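Chemist: how would this look folded up:
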Amino acid sequence: MTEQPADTALRAGTRFATELLAWGTGAWAAGRTSVLLGALTLVVLVGAPALFNVPGDKNVTGVAVPGAVRVAIEVGLYGVAATAPWLVLGRPVSAVLTLLVCVAAGIQVTRWRWLASR
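Modeler: Numbers count the residues shown, from 1 in each chain. Okay, here's the model as predicted:
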């Protein structure tokens, strides 16, 4: 099992920041419909990336999945992080956050390629 060569401190940091944004704004946006939906959304957004991992990607593996599944989970989180702010925050803040999420996604491409090959 090869250790993840494509995961740097920059990639890990931007991924975590993006996850935080997705968790907060995604749950907030869903919570505007109902508190239960907001809580369920938070559980899914936090639980999916914590539970489903590619062997060799991290020190701890929950449920081993193919790399394509992990990439889909992360791209989904990035999608939530890019769109949910538009539902709960003002336009200028949402525009800046969406731009930052796009930059962060660009930083992840090398890692996503590595994951997709697993």
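Chemist: so what's the residue count around the closest residue to F52 other than its chain neighbours?
Modeler: In space, F52 comes closest to V65 once its chain neighbours are excluded; the distance is 4.7 Å by C-beta to C-beta, 6 or more residues apart in numbering. C-beta coordinates here come from the backbone N, C-alpha and C atoms, glycine included. By other C-beta atoms under 10 Å, the residues close to V65 number 19.
Chemist: residue closest to the middle of this protein?
Modeler: For the chain, L77 is the residue whose C-alpha lies nearest the centre (C-alpha atoms, centre = their mean; 3.5 Å).
Chemist: how much space is there between that residue and A30?
Modeler: According to C-beta to C-beta, to the nearest Å, L77 and A30 sit 14 Å apart.
Chemist: with S94 instead?
Modeler: The span separating S94 from A30 equals 16 Å under the rule C-beta to C-beta.
Chemist: check which helix or strand covers the residue nearest to the centre of the chain.
Modeler: Assigned by DSSP states H and E, L77 belongs to helix 67-83.
Chemist: can you list the buried residues in that helix?
Modeler: Across helix 67-83, burial judged by 16 or more other C-beta atoms under 10 Å covers 67, 69-74, 76-78, 80-83.
Chemist: would you quantify the distance from the residue nearest to F52 to D57?
Modeler: V65 is 10 Å from D57, by C-beta to C-beta.
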